[in-house]
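*Asks:* Show me how the following folds:
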Amino acid sequence: MLDLGLTLKNNELCLVGRFADRGGMHEAGLYLRDTRFLSMLTVSVSGVPLEVLSFQTLSASEAIVTSTTRSGHEDRTGIPGSSLMVRQKITLGAGLEIAFDIQAFGEWATEVALEVQLASDFGDMFDVRGMTPKQRPVLHDPRLNPDRSVSFAATGSDGNTVRLDVTATPEPTRAELATVKSAATDAATPFALSFALDLTSGKLQTVEVSLLPVPVGAAHDPVQAGEPRLKVRSSNRDLEAMLRRSDLDLAMLQTSFPEGSMPAAGIPWFIAPFGRDSLIVALQTMHVYPERVSGTLRVLAANQGERVDEFREEEPGKILHEQRYGNMARTRQIPHTPYFGSIDSTPLFIMTFAQAWRWHEDEAMYDDLISHVRRALTWIEEYGDLDGDGLVEFGDKSTDGVHITQQGWKDSYDSLHFANGDPVHGPFALVEVQGYVHAAYTWMADVAASRGDKIWAAELRGKAERIRAAVEDRFWLDDEGIYAQAVDGQKRPVDAVSSNPGHLLFCGLPSRERATRVTDRLLRDDMLTRWGIRTLSSKMNTYNPMSYHNGSIWPHDNSLAMWGMKSYGLNEAASTVAEALVRLSAHDPERRLSELYCGFDTDDDRIGPVSYPVSCRPQAWAAGCGPVLIRTIFGLDRTDETYGVGTDSIGTDFVSNLSVEGIRAYGKEWALRMTDRHGTAMRLTPDDAIDGDAVS
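*Replies:* Residues are numbered from 1 along each chain as shown. Down below sits the predicted model:
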């Protein structure tokens, strides 16, 4: 089972099949709260390995695997090849449930033994992914309990014990320590369960095995995802399938953590609260999932920085980057309790609050969170600007492998260089972060104005104008027609041509003339591919299409640029990016957008995108591209300050008919319909009238 490309999730619990090998460390397993509770599971029949015939994912938490016995073992076992069926129904609930159905076909049928071997290394997620811990948990030998259940356990240096309890129906006829370890078990001791089954009758025999992880901390009620939120119909079947997959993935990722409910950033490695990721998802999906947006804001507000803590990079008013729960976090081997090492989470928090008010006017949310927004604004002014130059920046960070050195969304250590490849030294003022701060001020000014606070609104607009002027003065590269990726510690523009300035567009910072020039630059051949805009121009010395941030393609990055292009009325450009995203998802069997892709391009329609190794699938802000496409195609955003649900179709040629039910604004549900590719018959209707008479 673990050697299949299978990924299932139920709330915090995640089953990861064959994913990758790094230096011999296999990453498959059953994970909960950053701990691997199952590191090995093998199934055989009378010593004969199984050969998988098929496997199918039934839902986010269910799968079916059908196998048979391999040929070549007849003389030893008497079991002919391909004569015995083993079907595993795999379900994630509170734990992992496996129902084995076994049936023999032919005259040979006799008694067989279903054999299941298990092991748990209780590895910390960071350890499994390659960060060597100072001290691993102490593994206890598996214990056979009087009721024939089996318990695996490990105790961390903090004294906390985690456990995996295994029960079976019927009881195993034999239960014992396995005599042979495999490389997959590493230091863990495997345990073998054997079930004697009489197949002579030809009837189906069933064995049920239950694995229940017992983590540190109390259990809590999982999120009830319910039915998909969006109902979509379109003349473009690829677009329709992509939007439906996006809705399903976002429901799958919604998770109830100890602190509250919010989307997990991605599967399998990021089932944890993230600041930046969850806030960008909230912005992407504001018009579809208001209760999830509110939940995200509330979780982050509850964990807002209170004091100065250099190890965790915490400061008063700052919004967290990442929260973790495993042994390495609990024993302070990593600072993720939570860790505050991002420069952009705090302005994104303010932006999300302002947009949530604009779309939903939730008075309870406003009253509960406005003090947290004011504290976040104070952080920008008192801690965000390190040297008083009017820009928000972060300094050079430790290279200890624990703290993040690059603290924007392109957070790989090598994501920032000059065009000629020279390294950049801090403090670092990233261009998109200045855009976020500008939007935080501008959008909160709109909120203040809507509530009659003209003085605060004017103050915020003044601050927004100052940072806009600073960006125009210090970041603009006139010869390239785009903004610099950053300004370095010597106040020099980092002249690499990158995708970062695309984020300024949805923030509304550039003038119309410069927004047009930025858009044109992003759509040149060195940036634009069939699959979207690259993170870095192929003309830059550090360009590498197989890197994480230096030439790869990130769908969410494209979605924000597309959103911004539409907000400036650059419909043809927005349509180009929209079509690239749909084309990208059409090459996936599940119509799913991955976290990122390699930045290779092709003119051959038969060649698909090149996957990036270890890319998360699904990943929250990649799934968030679906709602942004809806927003863009229907033109639900305007650059003016009105608070109605405005519509202004993109007029795209790749879709001539699209209807969407499930849009939410101002406490009501809406449906949208476009019946002409140029947008002349688009209507905003109550959701129960989408098939009836449309009303403007």
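*Asks:* how many other residues sit next to residue 205?
*Replies:* Counted with other C-beta atoms under 10 Å, the neighbours of residue 205 add up to 17. Backbone N, C-alpha and C define where each C-beta goes, glycine included.
*Asks:* for residue 575, same thing?
*Replies:* Neighbours of residue 575 using other C-beta under 10 Å come to 21.
*Asks:* Quick one: classify it as helix, strand or coil.
*Replies:* State at residue 575, reduced to three classes by DSSP: H, G, I helix; E, B strand; the rest coil: helix.
*Asks:* can you check residue 97 too?
*Replies:* On the three-state scheme (three-state DSSP), residue 97 is labelled strand.
*Asks:* Could you chop the chain up by domain?
*Replies:* 7-214, 404-512 (automatic domain parsing).
*Asks:* Kindly reformat those domains as CSV containing distance to residue 283 and mean pLDDT.
*Replies:* Shown next, in CSV, are the domains of the chain (distance: least, C-beta to C-beta, whole Å; pLDDT from 0 to 100):
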stretch, distance to residue 283, mean pLDDT
domain 7-214, 23, 88
domain 404-512, 8, 98
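*Asks:* Including distance to residue 665, could these go into JSON lines?
*Replies:* What follows is the domains of the chain, written out as JSON lines (distance: least, C-beta to C-beta, whole Å):
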{"stretch": "domain 7-214", "distance to residue 665": "27"}
{"stretch": "domain 404-512", "distance to residue 665": "15"}
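*Asks:* Could I get the buried residue list for stretch 401-419?
*Replies:* Neighbour-count burial for stretch 401-419, counted by 16 or more other C-beta atoms under 10 Å, picks out 402-411, 415-419.
*Asks:* Pick out whichever of those residues sits closest to residue 51.
*Replies:* Residue 51 lies nearest to residue 411 out of the buried residues of stretch 401-419, by C-beta to C-beta, at 42.0 Å.
*Asks:* and the gap between residue 494 and residue 477?
*Replies:* 10 Å (C-beta to C-beta, to the nearest Å).
*Asks:* got any residues that touch both of those two?
*Replies:* The overlap between the contact sets of residue 494 and residue 477 (C-beta atoms under 8 Å, 6 or more residues apart in numbering) consists of residue 484.
*Asks:* ok, those two, which is more surrounded?
*Replies:* Legend: neighbour count by other C-beta under 10 Å for residue 494 and residue 477, higher for residue 494 (23 against 18).
*Asks:* Around residue 473, how many other residues sit close by?
*Replies:* Residue 473 has 9 neighbours, counted by other C-beta under 10 Å.
*Asks:* and residue 148, what are its phi and psi?
*Replies:* The phi/psi pair for residue 148 (degrees, to the nearest 10) reads phi 70, psi 10.
*Asks:* what's the closest non-adjacent residue to it?
*Replies:* Using C-beta to C-beta, 6 or more residues apart in numbering and skipping the chain neighbours, the partner closest in space to residue 148 is residue 171 (4.4 Å).
*Asks:* same thing with residue 60?
*Replies:* Closest residue in space to residue 60, ignoring its immediate chain neighbours: residue 252 at 4.1 Å, by C-beta to C-beta, 6+ apart.
*Asks:* Report pLDDT for that neighbour.
*Replies:* We note a pLDDT of 92 for residue 252 in this prediction.
*Asks:* Over to the one 5 residues further on?
*Replies:* Looking at residue 257, its pLDDT is 86.
*Asks:* Can you tell me the closest non-neighbouring residue to it?
*Replies:* Excluding its sequence neighbours, the residue lying closest to residue 257 (C-beta to C-beta, 6+ apart) is residue 273, at 5.4 Å.
*Asks:* Spit out the contact partners of the one you found.
*Replies:* Residue 273 neighbours (C-beta under 8 Å, 6+ apart): 257, 259, 262, 299, 300, 303, 320, 322, 323, 338.
*Asks:* same thing but 10 Å
*Replies:* Residues in contact with residue 273, defined by C-beta atoms under 10 Å, 6 or more residues apart in numbering, are 255, 257-265, 296, 299-300, 303, 320-325, 336, 338.
*Asks:* Quickly note the distance from it to residue 34.
*Replies:* 12 Å.
*Asks:* what's the overlap in contacts for the two?
*Replies:* 323, 324, 325, 336.
*Asks:* Now flag whichever of those is closest to residue 189.
*Replies:* Distances from residue 189 to those, taken by C-beta to C-beta, are shortest for residue 325, at 24.8 Å.
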